[in-house]
Each structure stands twice: as structure tokens, then as C-alpha cells.
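**Q** sequence first, predicted coordinates after that:
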Amino acid sequence: MSFDFDLFVIGGGSGGVRAARVASAEGAKVALAEDSRLGGTCVIRGCVPKKLMVFASSYRAAMGEAQDYGWTVHAGSFDWPRFQGKLNKELDRLEGVYRSLLTNSNVTIYDTRARVKDAHTVALNTGEEVTAKHILVATGGRPQLPGMDNDHLGITSDDIFHLPELPKRILIVGGGFIACEFACILNGMGVDVTQYYRGAQILRGFDDEARGLVCEMMTQKGIKLHLGTNVVELRREADVDETTGMPVSDAAAGLTHEQEAELRARHGAGKGGPIWVKASNGTTEVFDQVLFATGRSPNTGDLGLENTGAALGRRGEVIVDEYSQTAQPSIYAIGDVTNRVNLTPVAIREGMAFVETVFKGNPTKVDHALIPSAVFTQPELGTIGMTEEEARDQEPVDVYCSSFKPMQQSFVGREDRVMMKLIVSQATDVVLGCHIVAPAAGEMIQMVGIAVKMGATKAQFDQVCAVHPTMAEELVTMKSPARSG
Ligand code: NDP
């Protein structure tokens, strides 16, 4: 049977674009469909604009420190529209880079939505139907609202880059990556930030001591972080819906998901004035914006996978095996849509492993073990391997931990603290985990990650001469365990 293409990729994010390019370089005839902007979440509304906002937000504290170091600095206020203009130009440039990467690789681009019609057919929104020997689903994920009445009044991480002005007061709901990163970013930009997290400590799943220090530093920098707290009610006063003549808050009650989405689009996320919030601790407060950072869900809605043998899991994720293959042999899926490890570099690796398996005749499983990652809070949290809690459940360990005031901030009387921590197997001396809370922890954990992934022992860490004076030298100079057991 002949097909229009050897591979049809649905989704032009990091994973999909990489798989398309590499498959094409192997001689495959490849097409890719994207209904939004090429580059996907990471480039357009995630990692890249977020990191640029991290940089922008860090200058306020840096200017304060510069003054204390002896510089004469006259810091004005942050000009959000000026930054946003530059940000938008940069995103346009990057989108162009992604497009030329694909066209230079001879990948046919369809700038439209694609749905799976059957095991080998993709239906495009243009009305066209295209066949392919293999279909790769790389549609990513999207922010998930908490599902409470009036949550359409809040914004998500997708909306934050498009706000016409920075709010004076914002409530951030959630305690994960996105909530904590944006709490720090907006606080740095001068916004009055309140954060509600329903659990006992932010950043669930990370090392307890590291979470504790990030929480302490966020609070110290002025974020009003309320643990064990959630939103129980929110409404916008004096916001009347033109159709119903009722306040939007009342109009929204009992609406279907589609009606609510329509209402949200009509009123515009983030527009329309202050929002009144009642918290589970009984307090009420008014905010200019409410950011729901309450998780993300896989983008499988209306994708047509039900027309094939591919199965979806409870959260809507595409179920795949170790080779990213679904139960329908011609259909594969990679990246956040599979809800395995939702990180850009992992999606890229899954895309490469897919090409290796399908187009290079070299079946390659994706290695999901010991993936380093960083949360871009201020200070950052870099992590690889087991937390102290996970390791203790597995085997007896020695815990090496050093927490101290970094030289640069301590010199000017700041109370900032950093932490370097190694979890070491008592039986083998292998470093099972490393957790760093410090400025540039993301950069440090990338380097430590090489050693940990190679299975380095604590003795091997200690053989490495310290680089002095640095914060990271603590990683090779910690002599006695802080705790054992
Ligand atoms: P997370 O799953 O990390 O966090 C979601 C947060 O929302 C949790 O604190 C969760 O609480 C809370 N929550 C969920 N539902 C509700 C609710 N109904 N009411 C109140 N709180 C709720 O999701 P994020 O959106 O922050 O990030 C998604 C993924 O994106 C991450 O897991 C990560 O893989 C990726 N990412 C990576 C980044 C990086 O590498 N630096 C940056 C940003 C995102 P609870 O803990 O109680 O469940």
C-alpha cells in the first residue's frame, strides 16, 4: 500500500519538530501539522518566555545589591510593555527559526489542525485528507483550571505573557513548578504576590529539605505564601454579562464546559477588573488577577484517537510502550501528551528514540532514569535522582548536607541561604541523589548530573579538587554525613 508520507507528525513543539527533522534526514518523506505557532509550549508559552521573565525579574534584587556593593544605581520601575515588545519579537524570531529548520529539512508544513481519521489517515481542518505509514502524536499539554465555579475569571500560564499590564496584586493558586516560578518572577517585577497552596509544603515530590528552603526564601523575599489554603469562592463584582444581564459569576454557575469556555473567550482571560476571593482559611481579599497554576493535562481532546486502536489513560494521556508505540502499531506518541516525564529535553529524546526505532531499524527505549531538572524559582532548585525520603525507603543512606549564606549576598548583609545535598548509598557509596538550592542551581545540576548518571561514588566526588571560592565546591568537600540511616 502506498502512502502520501512515510511520517505525519501532529504537533510542532520541541518533540514533534525534532522527530520530523531527524526522520527526514534519514530519507523519510515527512509532513507536520501545527494549528498554533511552531515551537509549541516550550518556545512560545513556556520555558523560553518564562526564562526571559526570570532574567527580567532578577535585576531588582541585583540593583539593590549593586548599591550595597558601592555602585550608584537609580533603579526605576519595571516597564512591562517595553519588555513584552522585545519578548514578542524574540518569540517571532524563534518561531521563524523553527519554520526554517523544518523547510530546510524538506518537511511539508500544514499550518492547520489535524485529527486522526484512522490508523493511516489524518484529516486536516482545510478539508484535505492525507495518508502516512506512521503517525506521530506530539500534541503536548495545556493548562488545567481547577474546575470550580467562576475559574474562567482567572488566567493560566498561557495568558500571562499577553497581559496588557502587570497586575498590582496577584493571587497564584498551586504549589508546583509553574506556581512557584511565576510567584518569584512577578515578585521580582514588583507585583504584590499572594500564593495559596492546598498542601503542607510547596513543590510536592522534591526533596523535603530543599522544598523547605525554597519556601523560606520565597517568603523572605516578600511572597505571601499561605500553605494548607485554597480558593473556595471567587467572583467579579459589577461584571455583567451582556446576554444574561446577570453578574458573570452568577451567569457562569451551572454552565457546560463549552458554554464556560465561550464565556471565558467573550470576557477575555485576565480582563474585566478585580476579582474577589474567599479562601479556605476564611479570609477574603481582592486581587487584580488570579493565576491558576493547578497542573496541565494532555492535549488529546478531539484528536480522533478513538477512531484507532490507540488507548487513552485516566488523565487523557496517550498510552504508549517503552518505544513510544501505541496499541495501534502505526501510531506513536511522544512528549507531554503521553504524561511520562513532562520536560522539553525528554520529549526531544523520545522523538530521537522514535526515529532510531522506526526509521533506523534500531529499536531504542527511552531512558527515563536519573533525569536532572531545575525549578527556576529565586533561588533555583536543581535536582537529580532520589530525594532523601525516597532513598531512605529503599536502603540505608548517608546524607551530606551543607546550608550556608553565599558570599556574594552575605557581604551586603542579605539573609539568603543556599543548600548543597548529596544522598549516598551506605552499601555502595554511589551518589543516589543531589539537590541544590542556590542561584544558578540549574547550571550546576547539569554538571553534577553527568557524574550521577555515570554512577559516581561519594569517594569519586571527593577525589575532585574544589574550585575555590565557589558555592559548588561544597559538593566535593563535605566530609561527614549530616545524618545516616
Ligand atoms: P504541577 O503538577 O507541578 O503542579 C500543580 C499544582 O497545582 C500542585 O501544587 C497541585 O497540588 C495544585 N493543584 C492541582 N489541582 C488543584 C486544585 N483543584 N486546587 C488547588 N490546587 C491544585 O503542575 P504545573 O502546572 O506547575 O507544571 C506542569 C508540568 O510542567 C510540571 O510537572 C513539569 O513537568 C513541567 N514544567 C517544568 C518546568 C521546569 O522544568 N522548570 C517549569 C514549568 C513546568 P498538589 O501538589 O496537592 O497536587
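**A** Received it, and whenever you're ready, just let me know what you need.

**Q** over to the residue in the chain positioned nearest to the ligand: give its phi and psi.
**A** Closest to the ligand within the chain is G176: 2.0 Å, counting by Cβ to the nearest ligand atom. Glycine gets a C-beta too; all of them are placed from N, C-alpha and C. Dihedral pair for G176: phi -90, psi -160, per degrees, to the nearest 10.

**Q** then the one 5 residues further on?
**A** With angles defined as degrees, to the nearest 10, E181 sits at phi -60, psi -50.

**Q** what's the burial count for it?
**A** Using other Cβ atoms under 10 Å, E181 has 24 neighbouring residues.

**Q** ok, now D398?
**A** With other Cβ under 10 Å as criterion, D398 counts 19.

**Q** wait, is it part of a strand?
**A** Yes: counting by DSSP: H, G, I helix; E, B strand; the rest coil, D398 is found in a strand.

**Q** can I assume the residue of the chain closest to the ligand is in contact with R204?
**A** Yes: shown here, G176 and R204 form a contact pair, counting by Cβ atoms under 8 Å, at 7.4 Å.

**Q** which bits of the stretch 351-485 of the chain sit near the ligand?
**A** Selection of the stretch 351-485 of the chain residues close to the ligand by Cβ under 6 Å from any ligand atom yields S373, A374, V375, F376.

**Q** if V375 is in a bridge, with which residues?
**A** L381 (DSSP bridges).

**Q** how near is it to L305?
**A** Remark: distance between V375 and L305 (Cβ to Cβ, to the nearest Å) = 32 Å.

**Q** how about K365?
**A** From K365 to L305 the distance is 23 Å (Cβ to Cβ).

**Q** CA atoms only: put stretch 101-109 into CSV for me.
**A** Taking Å, rounded to 0.1, in the frame of the first residue of the first chain, the C-alpha atoms of stretch 101-109 are listed here in CSV:
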residue,chain,number,x,y,z
LEU,A,101,14.6,24.2,10.3
LEU,A,102,11.6,22.3,9.0
THR,A,103,11.5,23.7,5.5
ASN,A,104,15.3,23.3,5.2
SER,A,105,14.8,19.6,6.2
ASN,A,106,12.2,19.2,3.4
VAL,A,107,9.4,18.7,5.9
THR,A,108,5.9,19.7,4.5
ILE,A,109,4.2,22.0,7.0
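
**Q** what are the contacting residues of that stretch?
**A** Applying Cβ atoms under 8 Å, 6 or more residues apart in numbering, the external contacts of stretch 101-109 come out as 5, 12, 17, 20-21, 24-25, 30-34, 38, 99.

**Q** what of stretch 153-166?
**A** 45-46, 49-50, 53, 78, 80-81, 84, 87, 142-143, 145, 173, 178, 182, 186, 189-191, 234-236, 248-249, 267, 269-270, 272, 275, 289-293.

**Q** please apply the same query to stretch 216-232.
**A** Here stretch 216-232 makes contact (Cβ under 8 Å, 6+ apart) with 61, 146, 148, 171, 173, 175, 180, 183-184, 187-188, 192-202, 215, 277-281, 290, 377-379, 415-417, 437.

**Q** looking only at pLDDT, what's the mean for that stretch?
**A** For stretch 216-232, mean pLDDT rounds to 98.

**Q** mind listing what's buried in that stretch?
**A** M217, M218, K221, I223, K224, L225, H226, T229, N230, V231 (16 or more other Cβ atoms under 10 Å).

**Q** sec struct for the second one, please.
**A** Of the three states, M218 takes helix according to three-state DSSP.

**Q** which stretches of the stretch 301-450 of the chain form helices?
**A** 344-359, 388-394, 407-410, 441-453 (DSSP state H, counting those that start in this stretch).

**Q** which secondary structure elements does the longest one contact?
**A** In other words, helix 344-359. Counting contacts by 3 or more Cβ pairs under 8 Å, 6 or more residues apart in numbering; DSSP states H and E, helix 344-359 is packed against strand 5-10, helix 14-25, strand 129-137.

**Q** reformat those as JSON lines; add distance to the ligand and mean neighbour count.
**A** Listed next are the helices and strands packed on helix 344-359 as JSON lines, based on distance: least, Cβ to the nearest ligand atom, whole Å; neighbours: other Cβ atoms under 10 Å:
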{"stretch": "strand 5-10", "distance to the ligand": "20", "mean neighbour count": "26"}
{"stretch": "helix 14-25", "distance to the ligand": "12", "mean neighbour count": "26"}
{"stretch": "strand 129-137", "distance to the ligand": "18", "mean neighbour count": "22"}
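
**Q** so which of those gets nearest A391?
**A** With Cβ to Cβ as the criterion, A391 lies closest to helix 14-25 of the helices and strands packed on helix 344-359, at 30.5 Å.

**Q** immediately after the closest one, which helix or strand?
**A** Once the chain leaves helix 14-25, the next helix or strand it forms, by DSSP states H and E, is strand 30-33.

**Q** can you name the next helix or strand after that next one?
**A** Beyond strand 30-33 toward the C-terminal end (DSSP H and E), the next one is helix 40-45.

**Q** so for that following helix, mean pLDDT?
**A** pLDDT averaged over helix 40-45 gives 97.

**Q** same thing with stretch 48-56?
**A** Taken as a whole, stretch 48-56 has a mean pLDDT of 98.

**Q** the helix or strand encompassing N88 versus strand 5-10: what angle between them?
**A** Element membership for N88 (DSSP H and E) is helix 80-104. Angle of helix 80-104 versus strand 5-10, following axes from the mean of the first three to the mean of the last three Cα atoms, to 10 degrees, is 170 degrees.

**Q** what residues of stretch 285-293 count as buried?
**A** For stretch 285-293, a neighbour-count test (16+ other Cβ under 10 Å) marks F287, D288, Q289, V290, L291, F292, A293 as buried.

**Q** can you pick out the most distant pair from these?
**A** Across the buried residues of stretch 285-293 (Cβ to Cβ), the longest gap, 16.5 Å, separates D288 and A293.

**Q** got the residues of the stretch 51-200 of the chain near the ligand?
**A** Looking at the ligand, the residues of the stretch 51-200 of the chain close enough under Cβ under 6 Å from any ligand atom are P146, V173, G174, G175, G176, F177, I178, A179, E181, Y197, R198, G199.

**Q** if we can go back for a sec, run the chain-centre distance for the helix holding N88.
**A** On the basis of Cα atoms, centre = their mean, to the nearest Å, the separation between the geometric centre of helix 80-104 and that of its chain is 19 Å.

**Q** what average pLDDT does it get?
**A** Averaging pLDDT along helix 80-104 yields 98.

**Q** start and end of stretch 36-50, how far apart?
**A** End-to-end distance for stretch 36-50: 19 Å, by Cα to Cα, to the nearest Å.

**Q** contacting residues around it?
**A** With Cβ under 8 Å, 6+ apart as the test, stretch 36-50 has contacts from 11-17, 34, 87, 90-91, 94-95, 98-99, 102, 109, 140-141, 157-158, 161, 181-182, 185, 336, 344, 376.

**Q** T470 versus the closest residue to F292 other than its chain neighbours, what's the distance?
**A** Distances taken as Cβ to Cβ, 6 or more residues apart in numbering put G154 closest to F292, at 4.6 Å, once the chain neighbours are dropped. Using Cβ to Cβ, G154 is found at 42 Å from T470.

**Q** more neighbours, these two?
**A** More crowded of G154 and T470, by other Cβ under 10 Å: G154, with 27 against 12.
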